[in-house]
Each structure stands twice: as structure tokens, then as C-alpha cells.
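Peer 1: Quick one, fold the following:
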Amino acid sequence: MHLELAFGRRISVVHVKRECLKLYFIDYEYASYNYRGFDIANHFAEYAGFECDYNYPNKNEQYHFFRHYIQPDRPHEVSEKDLETLYVETNTYVLASHLLWALWGLIQAKMSPIDFDYLSYFFLRYNEYKRQKEKCLSLAQSYLSGFKNE
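Peer 2: Next up, the predicted model:
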């Protein structure tokens, strides 16, 4: 997984196959194994760009992305259940994304020689975590409670 599909950091490679364009994300700076929900949530959170405008995609926009992520060749065949599962997964992991980058900002504020206001970045991401926490955890709890009856 990519761990950081951040605005301004994407390296994309387009591969042509049977007149079908495919886009691959490659970013080795923060590459490691990760859960797809975290990776996609982090991508959506990074829509904020460098200005940290957290108006990331609404549910319909996320579903559009998910359809093409799950079935790039047949996005119209993705089931509602698969869409909802990935929606909940992604919108729960967004909390982990905000915490990760908040803590990263806090550490960088002390350690980095780069002239950047890392402490302000810490507060931006931490405040976004606090703002979204109740909604995201409620979504996850509601979704998971449905499994008790199965």
C-alpha cells in the first residue's frame, strides 16, 4: 500500500492495455504494507492539500472511487454491500490517518531542520481527528452491530 497518496506527492504511471488506461500510484517515501481502508482514507484526507481544507469527498464521490477501485474493468457490477463495507472501513480509518500525521507533525516540530510550522500542522490534524471521531466511530459501531444478527 501507499501510506501517503498526498497532494503534490503522487507519481503516476499510465499503462495502456486494450485501449484502457490504468493509473498506478507509486510513492516509495512512505511505502509499507497497510490496510486498504487506511490507504484510501488517507488519500481522501490528503485531498485537503497543503492548506488542510478537509472537505473531502462525500458518500457518492467515495462510492464512485470505490467502484473503480474494486472493479476497474466493471465498476457498475460492484455490489451495494461491497460499497458499504469499504465506505465504513475507509471512514473509520480516517481517524488513524489523522492521528498518524498529527503525531508525525509533533515529532517533526522537535526533530526536523525544515522550516515548516509542524506544530500548527499537528493541531490541524489532531483537531480534525476530534471533529470526526464521534461520527466515524458511530458509523463503525452501527455497521458492526449488524453482524450480531447474522
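Peer 1: State the pLDDT value of the residue sitting nearest the centre point of the chain.
Peer 2: Closest to where the C-alpha atoms of the chain average out (CA atoms, centre = their mean) is residue 41, at 1.8 Å. The predicted local confidence for residue 41 comes out at a pLDDT of 94.
Peer 1: If I follow the layout properly, it ends up in contact with residue 100?
Peer 2: No: applying CB atoms under 8 Å, one finds residue 41 not in contact with residue 100, separated by 10.4 Å. The way it works is simple: take the backbone N, C-alpha and C, and place the C-beta from them, glycine included.
Peer 1: hmm, back to that, tell me which element the residue nearest to the centre of the chain falls in.
Peer 2: Residue 41 is located in helix 36-45, with elements delineated by DSSP states H and E.
Peer 1: With just CA atoms, put that helix into PDB.
Peer 2: Taking C-alpha atoms only, helix 36-45 is exported to PDB below (Å, rounded to 0.1, in the frame of the first residue of the first chain):
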ATOM      1  CA  ARG A  36      -6.800  -0.600   2.200                       C
ATOM      2  CA  GLY A  37      -9.200   1.400   4.400                       C
ATOM      3  CA  PHE A  38      -6.300   3.300   5.900                       C
ATOM      4  CA  ASP A  39      -4.700   4.000   2.500                       C
ATOM      5  CA  ILE A  40      -8.000   5.200   0.900                       C
ATOM      6  CA  ALA A  41      -8.900   7.200   4.000                       C
ATOM      7  CA  ASN A  42      -5.500   8.900   4.000                       C
ATOM      8  CA  HIS A  43      -5.900   9.600   0.300                       C
ATOM      9  CA  PHE A  44      -9.200  11.300   0.900                       C
ATOM     10  CA  ALA A  45      -7.800  13.200   3.900                       C
END
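Peer 1: Strands along the protein, start to end?
Peer 2: Using DSSP state E, the strands of the chain run over residues 11-17, 20-26.
Peer 1: Of the ones you listed, which shows the lowest average pLDDT?
Peer 2: Mean pLDDT is lowest for strand 11-17 out of the strands of the chain, coming in at a mean of 47.
Peer 1: wait, what's in contact with residue 37?
Peer 2: Going by CB atoms under 8 Å, 6 or more residues apart in numbering, residue 37 touches 86, 89-90, 92-93.
Peer 1: Would you mind measuring from it to residue 118?
Peer 2: Going from residue 37 to residue 118 by CB to CB, to the nearest Å gives 26 Å.
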